[in-house]
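Colleague: Sequence first, then the predicted structure:
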2 protein chains.
Amino acid sequence: MSEVYAARRDRLREACAAAGSAAALVSRTANVRYLAGAAPAGAVLLLGTDTEVLLCSTSPLGRPDTASADEGLRTQVLSSGGDPAVAAADLACAWGAESLALEEHDLTVARHRAMRSVAPKLLLVDLGGSVERLRFVKDEEEISCLRIAAEIADQALGELLESILVGRTERHLALELERRLVDHGAEGPAFPTSVATGPNAGHPTHAPTDRRVEEGDFLTVCMGAAYRGYRCEIGRTFVIGTSPADWQVEMYDMVFAAQRAGREALAPGTPCREVDRAAREVLGSAGFTQGLMPLTGHGVGLEIDEDPRLAPSAMGKLDTCVPVTVEPGVHLPGRGGVRIDDTLVVRPEADGGPELLTITTKELLAL
Amino acid sequence: MSEVYAARRDRLREACAAAGSAAALVSRTANVRYLAGAAPAGAVLLLGTDTEVLLCSTSPLGRPDTASADEGLRTQVLSSGGDPAVAAADLACAWGAESLALEEHDLTVARHRAMRSVAPKLLLVDLGGSVERLRFVKDEEEISCLRIAAEIADQALGELLESILVGRTERHLALELERRLVDHGAEGPAFPTSVATGPNAGHPTHAPTDRRVEEGDFLTVCMGAAYRGYRCEIGRTFVIGTSPADWQVEMYDMVFAAQRAGREALAPGTPCREVDRAAREVLGSAGFTQGLMPLTGHGVGLEIDEDPRLAPSAMGKLDTCVPVTVEPGVHLPGRGGVRIDDTLVVRPEADGGPELLTITTKELLAL
């Protein structure tokens, strides 16, 4: 893996050189991890033209955990307990850098000020989303981590479906799912697991409550696993009891059709907003125009919510090897709703089209 | 509760006025929650001399959850999906403010720049740690939340001690503890639960692994519950099997004595570093001077790691109604160690001295 990280850092160097800066400071956690293989709390990565170092600080409770960092990368632990970003500014000057590109969307004003005061002659410029742009298209190693994360989530969800659900609370079901994720080898949940029953079902950001599962409920689960830092997402809606009501079948079929339309629109070169439009049109033509989510899906990777965004005003296009979620849903206040969510990898038609990572059935199961 | 939040906001207004700024923008999550009762993702609080508003943005997945926000406070949801901090700068100008004090330790350079560009005439100054200073001394309502959080943690830990531990992994024990916290009414763990066995025991930041509990192990648990946003911390070390080895008893007694010395040093007006010194001296006189943690304890509240710090170079003094942890420990690489951690509230001698919130026994239990 060491060569992979070194190659990523070289690509960042090229991007910086093209923008006119010889040194770069990466501070955003997921970006540090992408380039260094590990991101101990507070660590920053300083890159010069031909030198580089991962700077960490001794945390209040002990030494940073650099065990999984790229072995080819020099690591320096500040014993003073100072801010690694400030130490990096100092070091960049010592390296003879005249300017330093940094992540203005991550560094606070206070840290930026402290850097300026230790290195008043160093020109601080904006690195912007350069590392995020490198992270947009995944390599096969990254995709295989996402694939394993999705398998783990499928297993945990599958086991839950075999158990008795009526009478159990949303909160307990969510905790059980998270335990099962870890049982199957996840580092942890990719994001807080959402379990929503009855009137809560289909709500996109529902935090589990003490409401108990009842006969006739819709039950929406949205969850994901983190594996080697990579995060996937799966969402399914079930009905509790022997036979769903007509309105439930109708609503489910419509969201299923919208989600399928979104999935089928995934292709290299497709504008992101087209995917959103494909799903949204199905919902709209069935009369659902109010209370829809602002987006239909988003990228996943080292963070659960990355570029691209699949939304009406999204700019940009999809590309091969970009993993995204497709997750339309509807929610009627007081009544409940449906959400169906998959993680897929964009692949060209010649390779069989989009690769579905989360394979749990999307039939409407009555549990 | 509404009056409590309003009174807190008035105290911040006084602090701002004294520093020469009429308007203030609070963006740090815990600070927004302290002043507004809730902090939907990304929400910021804008305070003018006689007006105030909680600004939230529609999240990618739906409307912000403002359910628990102070009812006496006006809430404004940006439909545009813009940055609430930028909208606040605009609004401060509309209110006629000439300067705006903001949290430079929280806002990123990019957000600060965007604020400057929508409001070029508004002087942006630093609010610094003004809200953190208000949060330092807790009121009885806050302390009662901490007391409940501590009770929950004690219950979860007590139940674990009644179960069979040998053969189970650190990871499973940690998950079970977190499930029990929620069973007993916690919103969730206050921080990731640490379970450390054998050579890992006593390590202050150990992340649970697949190592199984064995006869003769030290077992260190460090955990806490969050209740209404307030976070407590408890740490205990046990020995597995019928009788601890001599070195284990010796090490345990020494850490216990250090922790007691720290607890007994807690009093209003005591310099923070004196508490650290009291605990550290016991460890030092037993020959433990290497590999100690940089701090002996820290404040808790809406965040698990707040002011004050109990460390050798800490400035400042304790005060009545300041909750702190006292958590000395030792860890010998390859062998293991001991850590004992309580949450206490500083109280004057006349009120019975420090109030111990985490009451699980600190006898060396053989499980």
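Modeller: Looks like it came in fine.
Colleague: quick one: contacts of the helix or strand hosting residue A:15?
Modeller: Here residue A:15 sits within helix A:2-18, counting by DSSP states H and E. With CB atoms under 8 Å, 6 or more residues apart in numbering or on different chains as the test, helix A:2-18 has contacts from A:22-24, A:26, A:34-37, A:45, A:47, A:49, A:52, A:70-73, A:101, A:127, A:130-131, A:133-134, A:139, A:141. (C-beta placed from N, C-alpha, C; glycine too.)
Colleague: if we go to 6 Å?
Modeller: Residues outside helix A:2-18 that contact it (CB atoms under 6 Å, 6 or more residues apart in numbering or on different chains): A:24, A:35, A:37, A:47, A:70, A:71, A:72, A:101, A:130, A:134.
Colleague: quick one: which two of these are the most distant?
Modeller: A:71 and A:101 (25.9 Å; CB to CB).
Colleague: who's more crowded, the two?
Modeller: Comparing residue A:71 with residue A:101 by neighbour count (other CB atoms under 10 Å in any protein chain shown), the higher total belongs to residue A:101, at 25 against 10.
Colleague: Against which helices or strands is the strand or helix carrying that one packed?
Modeller: In this assignment (DSSP H and E), residue A:101 forms part of strand A:99-102. Applying 3 or more CB pairs under 6 Å, 6 or more residues apart in numbering or on different chains; DSSP states H and E, one finds that strand A:99-102 contacts strand A:23-26, strand A:123-126.
Colleague: so what strands line up beside it?
Modeller: Sheet pairing for strand A:99-102, assigned by DSSP bridges, gives strand A:23-26 (parallel), strand A:123-126 (parallel).
Colleague: mind listing the strands in the stretch 151-300 of chain A by residue range?
Modeller: A:188-189, A:194-197, A:218-223, A:225-227, A:230-231, A:234-239, A:297-299 (DSSP state E, counting those that start in this stretch).
Colleague: model confidence over the fifth one, on average?
Modeller: The pLDDT scores in strand A:230-231 average 97.
Colleague: wait, does stretch A:314-325 contact chain B?
Modeller: No - Stretch A:314-325 does not reach chain B (CB under 6 Å from any CB of the partner chain); its nearest approach is 10.8 Å.
Colleague: Start and end of that stretch, how far apart?
Modeller: 15 Å (CA to CA, to the nearest Å).
Colleague: Pull out the buried positions in it.
Modeller: Counting neighbours by 16 or more other CB atoms under 10 Å in any protein chain shown, one finds that the buried residues in stretch A:314-325 are A:314, A:317, A:318, A:321, A:322, A:323, A:324, A:325.
Colleague: Least confident of those?
Modeller: residue A:314 (92).
Colleague: right, and the pair among the buried residues of stretch A:314-325 with maximum separation?
Modeller: Checking these with CB to CB, the most distant pair is A:314 and A:321, at 18.6 Å.
Colleague: The stretch 151-300 of chain A: helices as residue ranges?
Modeller: A:170-183, A:246-264, A:272-285 (DSSP state H, counting those that start in this stretch).
Colleague: next one: the stretch 1-150 of chain A
Modeller: In the stretch 1-150 of chain A, the helices defined using DSSP H, counting those that start in this stretch lie at A:2-18, A:29-36, A:84-94, A:109-118, A:130-136, A:140-161.
Colleague: Check what contacts the longest one and list those residues.
Modeller: Pointing back at helix A:140-161 there. With CB under 6 Å, 6+ apart, helix A:140-161 has contacts from A:177, A:180-181, A:184-186, A:223-225, A:227-228, A:230, A:232, A:234, A:323, A:343, A:345, A:357-360.
Colleague: Burial check on residue A:176, number of neighbours?
Modeller: 18.
Colleague: got the residues of chain A near chain B?
Modeller: Counting by CB under 6 Å from any CB, the residues of chain A near chain B are A:60-62, A:104-105, A:107-110, A:112, A:171, A:175, A:179, A:182, A:204-205, A:293-295.
Colleague: burial of residue A:259, as a residue count?
Modeller: For residue A:259, the count of nearby residues is 26 (other CB under 10 Å).
Colleague: hang on, I meant residue A:167
Modeller: Neighbours around residue A:167, by other CB under 10 Å: 10.
Colleague: excluding its backbone neighbours, what's nearest it?
Modeller: In space, and not counting its chain neighbours, residue A:167 is closest to residue A:212: 5.5 Å by CB to CB, 6 or more residues apart in numbering or on different chains.
Colleague: Quick check: beta-bridge partners of the one you found?
Modeller: In beta-bridge terms (that is, DSSP bridges), residue A:212 pairs with residue A:169.
Colleague: you'd agree it is up against residue A:166?
Modeller: No - between residue A:212 and residue A:166 there is no contact under CB atoms under 6 Å: 7.9 Å.
Colleague: okay, these two: which has more neighbours?
Modeller: Counted by other CB under 10 Å, residue A:212 and residue A:166 do not tie: residue A:212 has more neighbours, with 17 against 13.
Colleague: Just say which of the helices of the stretch 1-150 of chain A is most tucked in.
Modeller: Looking across the helices of the stretch 1-150 of chain A with neighbours counted as mean count of other CB atoms under 10 Å in any protein chain shown, the highest average goes to helix A:29-36: a mean of 23.
Colleague: Domain map for chain A?
Modeller: Residue ranges for the domains of chain A, per automatic domain parsing: A:2-135, A:137-356.
Colleague: Relative to residue B:283, which of the ones you listed is closest?
Modeller: Using CB to CB, the nearest of the domains of chain A to residue B:283 is domain A:2-135, at 14.9 Å.
Colleague: Give the full set of residues in contact with the residue lying closest to residue A:166 once chain neighbours are set aside.
Modeller: Once flanking residues are discounted, residue A:166 sits nearest to residue A:213: 5.2 Å by CB to CB, 6+ apart. Contact analysis of residue A:213 by CB under 6 Å, 6+ apart lists A:165, A:166, A:168, A:197, A:240.
Colleague: Compare those residues and tell me which has the most neighbours.
Modeller: residue A:197 (26 neighbours).
Colleague: circling back: Serialize the buried residues of stretch A:314-325 to TSV and add fields for secondary structure and distance to residue A:146.
Modeller: Formatted as TSV, the buried residues of stretch A:314-325 follow (DSSP: H, G, I helix; E, B strand; the rest coil; distance: CB to CB, whole Å):
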residue	secondary structure	distance to residue A:146
A:314	coil	21
A:317	strand	20
A:318	coil	16
A:321	coil	11
A:322	coil	11
A:323	strand	6
A:324	strand	11
A:325	strand	11
